[in-house]
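**Q** I would like to see how this sequence folds:
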Amino acid sequence: MLPNRPPAHSVAEANQGLMALIGAAPEFGRPGFLLPTRNHEVFAWCLEAGLKLVFQMTLMTTGLYHEPDGAYLPSVLY
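**A** Got it, this is the predicted structure:
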């Protein structure tokens, strides 16, 4: 990851894969990464690992919304 560039989205088949991706990151540049807090397992794991919630965001959509399958981190760029 280039310094001071927001990461692109990330996907995994399960939460364990997502935790491996997060855990393998050497650093989190600004503005960090987005983690849907409704994924309680990964969110709790991040807090237990010493990461901190800096900013809570709300997902807002128009029309029907279909929750993606699997584990994911949305892109900061969208």
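
**Q** rest of the way, CA atoms for contacts and neighbours
**A** Fine.

**Q** Could I get the full set of strands for the chain?
**A** Per DSSP state E, the chain carries strands over the ranges 10-12, 71-73.

**Q** what sits up against the first one?
**A** If I follow you right, that is strand 10-12. 18, 70-75 (C-alpha atoms under 8 Å, 6 or more residues apart in numbering).

**Q** Quick one: distance of that strand to the chain centre.
**A** 9 Å (C-alpha atoms, centre = their mean, to the nearest Å).

**Q** How about that strand, which residues are buried there?
**A** 11-12 (16 or more other C-alpha atoms under 10 Å).

**Q** Chain neighbours aside, what residue packs nearest to the residue nearest the centre of the chain?
**A** Nearest to the mean C-alpha position of the chain, counting by C-alpha atoms, centre = their mean, stands residue 35 at 2.8 Å. Nearest residue to residue 35, sequence neighbours excluded (C-alpha to C-alpha, 6 or more residues apart in numbering): residue 73, at 5.5 Å.

**Q** State the number of residues packed around that neighbour.
**A** 17 (other C-alpha atoms under 10 Å).

**Q** Same question for residue 18.
**A** Residues near residue 18, counting by other C-alpha under 10 Å: 19.

**Q** what's the spacing between it and residue 45?
**A** 11 Å (C-alpha to C-alpha, to the nearest Å).

**Q** where does this structure dip in pLDDT?
**A** Along the chain, the model assigns pLDDT under 70 to residues 1-8, 76-78.

**Q** ok, now with 90
**A** Within the chain, the set of residues satisfying pLDDT under 90 comprises 1-12, 25-38, 54-63, 65-78.

**Q** And the helices in it, which stretches?
**A** 15-24, 40-48 (DSSP state H).

**Q** Tabulate those (CSV), appending distance to residue 63.
**A** Output for the helices of the chain, formatted as CSV (distance: least, C-alpha to C-alpha, whole Å):
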stretch, distance to residue 63
helix 15-24, 28
helix 40-48, 25
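
**Q** which stretch among those comes nearest residue 61?
**A** With C-alpha to C-alpha, the closest approach to residue 61 among the helices of the chain belongs to helix 40-48: 21.1 Å.
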